[in-house]
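Engineer: fold the stuff below for me.
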Amino acid sequence: MALDIVLADEAATIRFGEDMALALKRGDYVALSGDLGAGKSTFSRALIRAIADDAFLEVPSPTFTLVQTYDLRIPVAHFDLYRIADAAEIDELGFDEALSDGICLVEWPEKADGALPADGISLVFVHEGDGRRVFIDGPAPALARIRRSLAIRAFLDEAGYGNATRRHLTGDASTRAYEHIHTGAGRLVLMDSPAHLPGPILAQGKYYQQIAHIAEDVKPFIAVGRYLVSRGLRAPAIHAMDIAQGILLIEDLGSDGVLDAAGAPIPERYRESTACLAHLHAQAFERDLPVTDGIIHRVPDFDRDAMQIEVSLLTDWYLPFKRGTPASDAERRDYVAIWDRLIESLGAAEHNLLLRDFHSPNIIWRPDAAGTDRVGIIDFQDAMIGPSAYDVASLVQDARVDMPDAVAQGVLDHYLSLRAAEGGFDRARFLRDWHVMAAQRNCKLIGLWVRLMQRDGKPAYMRHMPRTFRNLTRALSHPDLAPLRDWCEKAGILATES
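Structural biologist: Numbering: from 1, shown residues only. Coordinates of the predicted model:
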């Protein structure tokens, strides 16, 4: 269903350009129609500057050059077709190439009628009083993205940040995306986390997210974040929220991480991060956590079904990718049986709250703080109750970073020494469970990288595959994992990837 919005003045037009910059993606063609002075150029300039994250970027009109190109986070080509004599000239301007690589903004699209895609996004600017009205049409998926961006602007208006500047921050392997919100008084982070759509039913009438206990809305983030703060750790404060829409405005903990400029781990920061885990694991956990008045989030268990559905990514996605044929029934049976025994053996493991993705992308270093406050934790919405060794494995075997053996061992030893100081800590048992949890996590990741590439169109994650196999090989070195190591060798996946 088409949209129309009223832009009261030039400032509103600029904000609309920023909002559209966060709604568009590679391959989007935007047709800009309207009389001279209706706001097309103001809109285009604001959109391009927002993608560039440069408020002073020179954005000249393409009236005489016909096209201006910008090599940005998403490349943008800005066309003005007013002076073309024939629609066929659009080919000579490199429209198809520009569209395949990025976003195309086209003013006076009617001049190339029939030569431009029929499924583009259409913006028609019409003078209305001192401002303008914009009629927006296009394919349903594009309109959904635009509606979402406009809903975020309305959320900011309601929260008292109507004049805030929005800038892309990052996305991740899920459907979540993040923005920097510049308020004039400082910078905040906006989490855009729409509710998960149900996937295909896999077992017991449930889809993958339900079986794996992946958060399907923002309530777990709110509840677990507050719980971590109550336990003496640092999670972002929440400034505004819309639980129904999945939009949170949260504290910006900074931009420093645990890696140096070359992407190598900084040992001190990893040790301090593992100290946070030791601090958390030394305390008894709680399962029922308040979200808001009357709403409680019950932290789920990292149970057999969740562990098994995760490790099944290796047989469901990696093996067919690697060998060109599905895993055999016998291979699946043996693999499931091995994991059933390992999972059963974890019943006696120390259990606590698992953050689930405690590694470099999700840790902020706060150099001006002290103690556990120096480590900002920003990803914990998928938290579960399970073997505490899991998060230690996640950090020591950082999936995104080549951890030198000495650094990895130093981080693990630091954790063990802190826990040993408590008294009653079973070091040998913990290390055994550490190997099992490291194997479980790496088996999941091996399949996940392939799924992200094949199903979700995110091939960049495949660069982590060799590291993941190296980590799995180390995890399998414990004698209790010999059956899993034998299965992997028989399946032919260790020798070729590690």
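Engineer: from the geometric centre of the protein, which residue sits farthest away?
Structural biologist: Farthest-out residue of the chain from its mean C-alpha position, per C-alpha atoms, centre = their mean: Ala85, at 45.6 Å.
Engineer: which stretches of the stretch 1-150 of the chain form strands?
Structural biologist: Assigned by DSSP state E, counting those that start in this stretch, the stretch 1-150 of the chain shows strands spanning 3-7, 29-34, 67-70, 76-80, 103-107, 121-128, 131-137.
Engineer: okay if I get those strands as a markdown table plus mean neighbour count?
Structural biologist: Heads up, the C-betas are built off the backbone N, CA and C, glycines and all. Shown next, in a markdown table, are these (neighbours: other C-beta atoms under 10 Å):
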| stretch | mean neighbour count |
| --- | --- |
| strand 3-7 | 14 |
| strand 29-34 | 22 |
| strand 67-70 | 18 |
| strand 76-80 | 26 |
| strand 103-107 | 27 |
| strand 121-128 | 18 |
| strand 131-137 | 19 |
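Engineer: let's have these in JSON lines, adding mean pLDDT.
Structural biologist: Shown next, in JSON lines, are these (pLDDT from 0 to 100):
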{"stretch": "strand 3-7", "mean pLDDT": "95"}
{"stretch": "strand 29-34", "mean pLDDT": "96"}
{"stretch": "strand 67-70", "mean pLDDT": "96"}
{"stretch": "strand 76-80", "mean pLDDT": "96"}
{"stretch": "strand 103-107", "mean pLDDT": "97"}
{"stretch": "strand 121-128", "mean pLDDT": "96"}
{"stretch": "strand 131-137", "mean pLDDT": "96"}
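Engineer: out of the ones you listed, flag the one nearest Leu22.
Structural biologist: Proximity to Leu22 (C-beta to C-beta) singles out strand 103-107 among those, at 12.0 Å.
Engineer: okay, angle between the closest one and strand 76-80 too, please.
Structural biologist: 10 degrees (axes from the mean of the first three to the mean of the last three C-alpha atoms, to 10 degrees).
Engineer: partners of strand 103-107, with directions?
Structural biologist: Strand pairing for strand 103-107, determined by DSSP bridges: strand 29-34 (parallel), strand 76-80 (parallel).
Engineer: remind me which residues of the protein are low pLDDT?
Structural biologist: Residue ranges of the chain with pLDDT under 70: 172-174, 495-498.
Engineer: can you show me the helices along the stretch 301-450 of the chain?
Structural biologist: With helices called from DSSP state H, counting those that start in this stretch, the stretch 301-450 of the chain shows them at 304-313, 319-323, 329-345, 389-396, 405-420, 427-454.
Engineer: so for the shortest one, what gets flagged as buried?
Structural biologist: Meaning helix 319-323. Under the neighbour-count criterion of 16 or more other C-beta atoms under 10 Å, helix 319-323 has Leu319, Phe321, Lys322 buried.
Engineer: ok, of the residues you listed, which one's closest to Ala142?
Structural biologist: Phe321 (30.9 Å).
Engineer: how near is that closest one to Asp113?
Structural biologist: 44 Å (C-beta to C-beta, to the nearest Å).
Engineer: which of the buried residues of helix 319-323 sits closest to Ala337?
Structural biologist: Leu319 (16.6 Å).
Engineer: that older thread, the buried residues of helix 319-323 into a markdown table, with extra columns for distance to Leu280?
Structural biologist: Formatted as a markdown table, these follow (distance: C-beta to C-beta, whole Å):
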| residue | distance to Leu280 |
| --- | --- |
| Leu319 | 36 |
| Phe321 | 36 |
| Lys322 | 37 |
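Engineer: dump the residue contacts of Gly410.
Structural biologist: By C-beta atoms under 8 Å, 6 or more residues apart in numbering, Gly410 lies in contact with Pro267, Arg271.
Engineer: I'd like to know how far the closest residue to Pro198 other than its chain neighbours sits from Pro466.
Structural biologist: Once flanking residues are discounted, Pro198 sits nearest to Tyr207: 5.2 Å by C-beta to C-beta, 6 or more residues apart in numbering. Distance, Tyr207 to Pro466, using C-beta to C-beta: 31 Å.
Engineer: please say which of those two ends up with more neighbours.
Structural biologist: Between Tyr207 and Pro466, Tyr207 has the larger neighbour count (other C-beta atoms under 10 Å), namely 17 against 12.
Engineer: what's the more buried one sitting at in phi/psi?
Structural biologist: phi -100, psi 170 (degrees, to the nearest 10).
Engineer: beta-bridge partners for it, please?
Structural biologist: Per DSSP bridges, the residues bridged to Tyr207 are Ile201.
Engineer: related to what we said a few turns ago, how near is the residue nearest to Pro198 to Pro200?
Structural biologist: Distance from Tyr207 to Pro200, by C-beta to C-beta: 6 Å.
Engineer: quick one: the helices in the stretch 101-250 of the chain?
Structural biologist: Under DSSP H, counting those that start in this stretch, the stretch 101-250 of the chain gives helices at 140-158, 208-212, 219-230.
Engineer: same list (the ones you listed) but as TSV, adding distance to Ser345 and mean neighbour count.
Structural biologist: Putting these into TSV (distance: least, C-beta to C-beta, whole Å; neighbours: other C-beta atoms under 10 Å) gives the following:
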stretch	distance to Ser345	mean neighbour count
helix 140-158	45	17
helix 208-212	21	20
helix 219-230	27	21
